[in-house]
Every structure is written in C-alpha cells, then in structure tokens.
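Visitor: just the structure for this:
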Amino acid sequence: MISTAVKDLAAEALFVSYLQPSQGPTRVAVQEAITAMILRYGSDGCAAGVAEEFGDHPDVAVRRMAWVHTELAEVLQLRAPVLH
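Guide: Just a heads-up that it's a prediction; the model follows:
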C-alpha cells in the first residue's frame, strides 16, 4: 500500500508538471511527469509550487488539483495488485 506522504508528493509533482488536462495524458506520461518534477524540484519545491499557485490563482488551482487527484486515482488503481 502506498503511504499518504508518497501520494501527497505525487499529487504535488503532477500539479506543478507541464501536463494539462486537455492533453488527455496517458498513464505513462503521468508517471514520467511525476518522476521528472520530483527529480527537478524535490519534495519541498513541488510543495512550494502548489502553495504559490493556490495563493496566486486559487480558482484555477482548485480545478487543477481536482484533475490531479482524478489522474492519480486512475494510475494507482491500475497499479493495485489483484487479489484472488
């Protein structure tokens, strides 16, 4: 099971990524964007980017974070082990 801290970091990284909902990114694109942003900005940098956007453009940030959580739910659902 993935910890809450890891999920939060993935959400922050995807939030600050270049991906846009209109692109309809693939699961692989989402995973690559998350990895790239964590490597580029680290956990503190991703969190700072999210905080800045919520401070500057809260209405847009709320919509983006909703999209982020939808994308992550799909990625995590596909990665979940199948129990028999």
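Visitor: quick check: next helix or strand after the longest helix along the chain?
Guide: Criterion DSSP state H: the longest helix present in the chain is helix 27-56. As assigned by DSSP states H and E, the chain's next helix or strand after helix 27-56 is helix 58-79.
Visitor: what packs against the longest helix of the chain?
Guide: helix 4-15, helix 58-79 (3 or more Cβ pairs under 8 Å, 6 or more residues apart in numbering; DSSP states H and E). Where C-beta positions appear, they are placed from N, C-alpha and C, glycine not excepted.
Visitor: list the buried residues for that helix?
Guide: Buried residues in helix 27-56, counted by 16 or more other Cβ atoms under 10 Å: 30, 33-34, 37-38, 41, 46-47, 49-50, 53-54.
Visitor: any idea which of the residues you listed is the one closest to residue 64?
Guide: residue 53 (7.4 Å; Cβ to Cβ).
Visitor: nearest spatial neighbour of that closest one, skipping sequence neighbours?
Guide: With sequence-adjacent residues excluded and distances taken as Cβ to Cβ, 6 or more residues apart in numbering, residue 53 is closest to residue 61, at 4.6 Å.
Visitor: count of neighbours near that neighbour?
Guide: Using other Cβ atoms under 10 Å, residue 61 has 17 other residues around it.
Visitor: check contacts around the residue nearest to residue 47 when sequence neighbours are not counted.
Guide: Closest residue in space to residue 47, ignoring its immediate chain neighbours: residue 12 at 5.3 Å, by Cβ to Cβ, 6+ apart. For residue 12, the contact set (Cβ atoms under 8 Å, 6 or more residues apart in numbering) comprises 43, 46-47, 49-50.
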